[in-house]
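Asks: would you be able to build a 3D model of this:
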Amino acid sequence: MNALFWWLLVAFLLFSIGAFGVLARRNVILVVMSLELMLNAVNLALVATANFRAGAEGAGVLFALFIIVIAAAEVAIGLAIVIANYRNRRTVQVDTYDELKG
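Replies: Sure, this is the predicted structure:
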């Protein structure tokens, strides 16, 4: 097996751990951290694939930088929503966020 397989296997394992964290956790902060882990797994897969593919110099890194920018915006907006909800309800548990209007 080539080295790309092992990098993609690590990315798959990281993505699986992140997906389990999103589905199993009730704390919003941990859910956001799991989402970030999933995005980093995608970054790893993109960079590894671009490095082992001929003719795609810099493409994986470019896509990874784009995903990092999107992830930073997602964290900023997500944490702003969490802080606003914490001020109203005094909890960061996901199951209490059933109504976001008002």
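
Asks: and the longest helix anywhere in the chain, how far out from the chain's middle?
Replies: Secondary structure assigned by DSSP state H gives helix 59-89 as the longest helix of the chain. Here helix 59-89 is found 9 Å from its chain centre; the criterion is Cα atoms, centre = their mean, to the nearest Å.

Asks: contact partners for the closest residue to G78 other than its chain neighbours?
Replies: Residue nearest to G78 in three dimensions, not counting chain neighbours: V32, with 5.1 Å by Cβ to Cβ, 6 or more residues apart in numbering. Quick note: C-beta positions are derived from backbone N, CA and C, even for glycine. Residues in contact with V32 (Cβ atoms under 8 Å, 6 or more residues apart in numbering) are E74, V75, G78, L79, V82.

Asks: I figured the last one hits V31, correct?
Replies: So that's V82. No. Between V82 and V31 there is no contact under Cβ atoms under 8 Å: 9.6 Å.

Asks: and the two? Which one has more around it.
Replies: Using other Cβ atoms under 10 Å as the criterion, V82 and V31 rank with V31 on top: 20 against 17.

Asks: assign the more buried one to helix, strand or coil.
Replies: Classification of V31 using DSSP: H, G, I helix; E, B strand; the rest coil returns helix.
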